[in-house]
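1. Provide a 3D model corresponding to the input given below.
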Amino acid sequence: MMGASAMDGRTPRRGQMAIAVSALGYGVSTALSVVALHGLRPADLLAIELTGSAAVLLAVAAATGRLHLRG
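-> You can find the predicted model right below:
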């Protein structure tokens, strides 16, 4: 079932901001990846990107109170 904000055609501002930040992050990471591949091996870059992504996810989960030590 759709929420009231979805029914009247309005997207919540929080969702719009999340999409904008995600798009910006994707664009910046793509550009940095191209530059980084000139000095790093692809496997090294993958490890750096995965570690960075995991750190961001952990920080957001901790900040929003969704990080739990037990399942």
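2. helix/strand/coil for residue 65?
-> coil (DSSP: H, G, I helix; E, B strand; the rest coil).
3. I misspoke; the intended subject was residue 15.
-> helix.
4. the bottom helix or strand of this protein by mean pLDDT?
-> helix 4-7 (a mean of 53; mean pLDDT, DSSP states H and E).
5. specify the local secondary structure of the residue most central in space within the chain.
-> By C-alpha atoms, centre = their mean, the chain has its centre lying nearest to residue 22, at 5.5 Å. Three-state call for residue 22 (three-state DSSP): helix.
6. so what pLDDT did it get?
-> Here, the pLDDT recorded for residue 22 equals 90.
7. where's it relative to residue 34, distance?
-> Counting by C-beta to C-beta, to the nearest Å, the gap from residue 22 to residue 34 is 19 Å. C-beta here means a position set from N, CA and C on the backbone, and glycine is covered the same way.
8. for residue 68, same thing?
-> Counting by C-beta to C-beta, the gap from residue 68 to residue 34 is 37 Å.
9. likewise for residue 27?
-> Separation of residue 27 from residue 34 (C-beta to C-beta) stands at 11 Å.
10. repeat that for residue 47.
-> Note on residue 47: its distance to residue 34, by C-beta to C-beta, is 17 Å.
11. with residue 42 instead?
-> Distance from residue 42 to residue 34, counting by C-beta to C-beta: 12 Å.
12. and for residue 59?
-> 26 Å.
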